[in-house]
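S.K.: pasted the sequence and its predicted model underneath.
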Amino acid sequence: MASTTNEEVTFLDAINQALREELDRDQDVFILGEDVAGYGGAFKVTKGLLDDYGPERVIDMPLAEAAIFGSAIGAALMGMRPVAEAQYADFLACGFDYIVNEAAKYHYRSGHPVPVVFRAPSGAGVRGGPFHSASPEAWFAHVPGLKVVVPGTPTDAKGLLKSAIRDDNPVVFLEHKYLYRHEKEVLPEGEYTIPLGKAEIKRQGTDLSIVTYGAMLRRSLDAADKLAERGHSVEVIDLRTIYPWDSEMILESVEKTSRALLVQEDVRTLGIMSEVGAVIADEGFESLDAPVGRVTAPDSPVPFSPPLEDAFIPSVERIVEAAEKTLAF
Amino acid sequence: MVDDKTKLELYRLMTLGRAVEDKLFSLYRQGRLLGAIYLGRGQEATEIGAAAALKDGDTLAPTHRDLIAQIAHGIDIHRIFMNHFGRADGPTRGRDGNTHAGDMSKGILYNISMLPDGYPVSTGIALSFKLRKQPQVAMAYCGEGATSRGDWHEALNFASIKQLPVVFIVINNKFAYSSPNETEMVIESVTARAPGYAMKSATVDGNDVIAVHEAATEAVERARGGGGPTLIEAKTMRMLGHAGHDPADYVPEELLKEWEEKDPIKAYKQRLLDESVLDEAKIAAIDEEHKAAVEEAATMAEAAPLPDGSEVSDGVYH
Ligand SMILES: Cc1ncc(C[n+]2csc(CCOP(=O)(O)OP(=O)(O)O)c2C)c(N)n1
Ligand SMILES: [Mg+2]
């Protein structure tokens, strides 16, 4: 069911397409989660799948994250390719053990593959408050044995999810919920996948490299537009896969631009960009003409009230301001 | 036996709960409220009947759905509106929204989304009462959906091992989000699990406030007297969607009709009229009183200032 029209597809529908294509391709693929069948998921990502694939391949689970993630792992150990959904990424915490202990360490100990995907809507910006807005990529990127993906565009979401399902390792796949209905584009024709572990240059530039991912991609691109009006040529790189991440592309870009600004929605301390910054400092030091800049959320839970949440999430203005500082150094 | 004064108070609390939620829902539909909204319409008899069995000094751990129970344990309704409006002087100072707030000075816990976290936490509260030899009781609420989690079972097991002064209330409202009972469990009643923990239990008509109140009072007083924990399941119906955005078209029309007939307030009002505990004049006076209180609280909250963005990381630590 590859898209063949040149209609724009939302981030959400792109994910739905990826699930359909993989359900079509491989009988071992199945979906499990809370309210994913008849209801089509809290965000309607799995809408229509029950009708087309039936209740043995789209399974409603009780409110029980350990049962969801643990069962998915068990089936994966038997060679199936389950796609487990957490209703919100915050609820990954309720079955954390299964992801970080069971799934992550199985292959290291046994040499046996664990082809499971844990999907979850992550991120802030929808007035979801402290329990419906998590960006937990760093929790999982810190655990050897897991792959972590956070797409920023519909095209990437589709191609990366297909790769995640085909991957023989456990993959935590975080879908920024703000993007579900805000990002739309015409998808590539025909079937395609996008490899895990490869970043992409989303905008070419020569003066500064902005490295980002997820919902901060759009804001970084908007910031790059504003900076262009002021005469700065900014390159924007989307990590896409958080682990294993594409240090090669980032180092090449920094070699070209000599300046780096790292942008993440997550809190500052020990976020993804802490690692990216450390690697640039280690391996790209010679290329740098300025200290590596960082734009992040503050170290606080994600607040609910609009003025607080708006101050929490890095804005285009904050990115522009930080970029100008790095450029002026 | 529930005396007339208590009967009247239960009526007053149930109707206040409904008035507060009706106002919230109307504000939500007008786009004036921020964030999500979770309503307990149809559950008032259980929300009030159980929590009203608590005394000062006892604690209540509600879930997202149990705003009305907070009213029974003494929450000031201003706090409710201030939190839903995300205001600076609300109970979470805008840090959290909707029903995710409480009042620690009244023993009403600030509930979080993760279900049923109030169960193990209430077990710990009860442990502290026991260790300090305080004659207090912890009460935890959750929906039947949340009983599927291991955490729920862990709480019951530990409470039973230590014979802790805790009362577990399960509101079985037939749905967990879109999922009906059959997809959540194969037993008729959640209390079928109580023998596994050698725990006393009761299944009650969740639309009968007197039945709920009597069962809860017995359990609370048993707990207070050192008799250990109790599990109470109240059978009722979630009359609205899971949250404000959810039209709940997965709920059969007939089921809603059937339960509309059993509306807990309607039935109770008639009962109190029949028993001459209430008369039409009193009913009207109570309605007026609620309306004025709710309008005042909502208006005040809407006019109150939002927090300032510069405070975003204030209050993370003590
Ligand atoms: C651990 C956990 N997983 C998922 C959710 C998302 N969620 C919120 S309410 C809900 C359904 C709860 O059903 P039930 O326990 O019966 O309570 P009710 O909403 O009916 O009052 C779900 C799945 C959650 N809050 N916590
Ligand atoms: Mg329920």
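M.R.: That came through fine. Ligands and ions are numbered 1, 2, ... in the order given.
S.K.: list the contacts of residue 37.
M.R.: You didn't pick a chain, so chain A it is. Counting by CB atoms under 8 Å, 6 or more residues apart in numbering or on different chains, A:A37 touches A:46, A:49-50, A:55, A:58-60. (Glycine included, C-beta is placed from N, CA and C.)
S.K.: actually, chain B is the one I wanted.
M.R.: By CB under 8 Å, 6+ apart, the residues touching B:I37 are B:24-25, B:28, B:84, B:98, B:243-244.
S.K.: which SS state does it fall under?
M.R.: Here B:I37 is recorded as coil under DSSP: H, G, I helix; E, B strand; the rest coil.
S.K.: quick one: it from B:D263, how far?
M.R.: With distances taken as CB to CB, to the nearest Å, B:I37 is found 20 Å from B:D263.
S.K.: hang on, the earlier thing: nearest to A:A120, of the contacts of B:I37?
M.R.: Each of the contacts of B:I37 was scored against A:A120 by CB to CB, and B:A243 proved nearest at 18.4 Å.
S.K.: for the host helix or strand of A:E22, list the C-alpha coordinates in PDB.
M.R.: In this assignment (DSSP states H and E), A:E22 forms part of helix A:11-25. Below are the C-alpha coordinates for helix A:11-25, written out as PDB (Å, rounded to 0.1, in the frame of the first residue of the first chain):
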ATOM      1  CA  PHE A  11       3.100  12.600  10.300                       C
ATOM      2  CA  LEU A  12       0.400  10.500  11.900                       C
ATOM      3  CA  ASP A  13      -0.800   9.000   8.600                       C
ATOM      4  CA  ALA A  14       2.800   8.300   7.500                       C
ATOM      5  CA  ILE A  15       3.200   6.100  10.600                       C
ATOM      6  CA  ASN A  16      -0.100   4.400   9.900                       C
ATOM      7  CA  GLN A  17       1.100   3.600   6.400                       C
ATOM      8  CA  ALA A  18       4.400   2.200   7.700                       C
ATOM      9  CA  LEU A  19       2.500  -0.100  10.000                       C
ATOM     10  CA  ARG A  20       0.200  -1.200   7.200                       C
ATOM     11  CA  GLU A  21       3.000  -1.900   4.800                       C
ATOM     12  CA  GLU A  22       4.900  -4.000   7.400                       C
ATOM     13  CA  LEU A  23       1.700  -5.900   8.400                       C
ATOM     14  CA  ASP A  24       1.200  -6.700   4.700                       C
ATOM     15  CA  ARG A  25       4.800  -7.700   4.200                       C
END
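S.K.: is the next helix or strand after that helix up against ligand 1 anywhere?
M.R.: Once helix A:11-25 ends, the next helix or strand along the chain (criterion: DSSP H and E) is strand A:29-33. No. On the criterion CB under 6 Å from any ligand atom, strand A:29-33 is out of touch with ligand 1, staying 9.7 Å away.
S.K.: follow-up on the earlier one: as CSV, the contacts of B:I37 with neighbour count and pLDDT would be great.
M.R.: Conversion of the contacts of B:I37 to CSV gives the following (neighbours: other CB atoms under 10 Å in any protein chain shown; pLDDT from 0 to 100):
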residue, neighbour count, pLDDT
B:L24, 24, 98
B:F25, 16, 98
B:Y28, 20, 98
B:H84, 29, 98
B:N98, 25, 96
B:A243, 18, 97
B:G244, 17, 96
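S.K.: so which of those residues reach chain A?
M.R.: Applying CB under 8 Å from any CB of the partner chain to the contacts of B:I37, one finds that B:N98 fall near chain A.
S.K.: ligand 1 contacts on chain A?
M.R.: Contact residues of chain A with respect to ligand 1, defined by CB under 6 Å from any ligand atom, are listed as A:34, A:63, A:65, A:87, A:91, A:94.
S.K.: if you rank the residues you listed by neighbours, which is first?
M.R.: In terms of neighbours by other CB atoms under 10 Å in any protein chain shown, those top out with A:E65 at 29 neighbours.
S.K.: need the contact list for that residue.
M.R.: In this structure, A:E65 makes contact with A:86, A:91-92, A:94-95, B:149, judged by CB under 8 Å, 6+ apart.
S.K.: in space, what's closest to it - neighbours in sequence excluded?
M.R.: Leaving aside its sequence neighbours, A:E65 sits nearest to A:G95 (CB to CB, 6 or more residues apart in numbering or on different chains; 3.3 Å).
S.K.: quick one: contacts for A:A64?
M.R.: B:148-150.
S.K.: same check on B:M199?
M.R.: Contact partners of B:M199, counting by CB under 8 Å, 6+ apart, are B:156, B:159-160, B:228-231.
S.K.: so how far is ligand 1 from the residue sitting nearest the centre point of chain B?
M.R.: With distances taken as CA atoms, centre = their mean, the residue of chain B nearest its centroid is B:D66 (2.7 Å). Using CB to the nearest ligand atom, to the nearest Å, one obtains 8 Å as the distance from B:D66 to ligand 1.
S.K.: quick one: low-confidence parts of chain A?
M.R.: When the per-residue scores of chain A are filtered using pLDDT under 70, the ranges that remain are A:1-5.
S.K.: can you map out the strands along it?
M.R.: A:8-10, A:29-33, A:58-60, A:81-85, A:117-122, A:147-149, A:171-176, A:184-186, A:200-203, A:208-212, A:234-238, A:241-243, A:260-267, A:293-297 (DSSP state E).
S.K.: over to the stretch 1-150 of chain B?
M.R.: For the stretch 1-150 of chain B, the strands defined by DSSP state E, counting those that start in this stretch cover B:59-61, B:138-143.
S.K.: check contacts around the nearest residue to B:G86 once chain neighbours are set aside.
M.R.: Nearest in space to B:G86, with sequence neighbours left out and distances taken as CB to CB, 6+ apart, is A:S305 at 3.4 Å. Taking CB under 8 Å, 6+ apart as the contact definition, A:S305 lies against B:34, B:86-88, B:94-95, B:97, B:306-307.
S.K.: could you do A:F118 as well?
M.R.: Remark: with contacts taken as CB under 8 Å, 6+ apart, A:F118 is in contact with A:69, A:72, A:84, A:86, A:92, A:99, A:103, A:170-173.
S.K.: and the residue in the stretch 51-200 of chain A that ligand 2 sits nearest to, what is it in contact with?
M.R.: Distance from ligand 2 to each residue of the stretch 51-200 of chain A (CB to the ion) is smallest for A:L63, at 8.9 Å. Remark: with contacts taken as CB under 8 Å, 6+ apart, A:L63 is in contact with A:34, B:115, B:145-146, B:148-149, B:176, B:179, B:184.
S.K.: name the nearest residue to it, sequence neighbours excluded.
M.R.: Once flanking residues are discounted, A:L63 sits nearest to B:G145: 4.2 Å by CB to CB, 6+ apart.
S.K.: which residue does the stretch 1-150 of chain B bring closest to chain A?
M.R.: Shortest the stretch 1-150 of chain B-to-chain A distance, computed as CB to the nearest CB: residue-wise this is B:G94, at 3.0 Å.
S.K.: how close does the closest residue to that residue other than its chain neighbours sit to B:D308?
M.R.: Beyond its immediate neighbours in the sequence, the residue positioned closest to B:G94 (CB to CB, 6+ apart) is A:S305, lying 3.0 Å away. As for A:S305, its distance to B:D308 is 10 Å (criterion: CB to CB).
S.K.: one more: B:L67?
M.R.: Plainly put, B:L67 is 27 Å away from B:D308 if you go by CB to CB.
S.K.: could I get the phi/psi values of the residue most central in space within chain A?
M.R.: Taking CA atoms, centre = their mean, the centroid of chain A lies closest to A:V150, which sits 0.8 Å from it. Its backbone dihedrals place A:V150 at phi -140, psi 90, with angles given as degrees, to the nearest 10.
S.K.: now for it: which residues touch it?
M.R.: Remark: with contacts taken as CB under 8 Å, 6+ apart, A:V150 is in contact with A:122, A:137, A:174, A:176, A:213-214, A:239-242.
S.K.: ok, now how distant is it from chain B?
M.R.: Distance of A:V150 to chain B, computed by CB to the nearest CB, to the nearest Å: 22 Å.
S.K.: nearest residue to A:R268 other than its sequence neighbours?
M.R.: The spatially closest residue to A:R268, leaving aside those adjacent along the chain, is A:T296, at 4.1 Å (CB to CB, 6+ apart).
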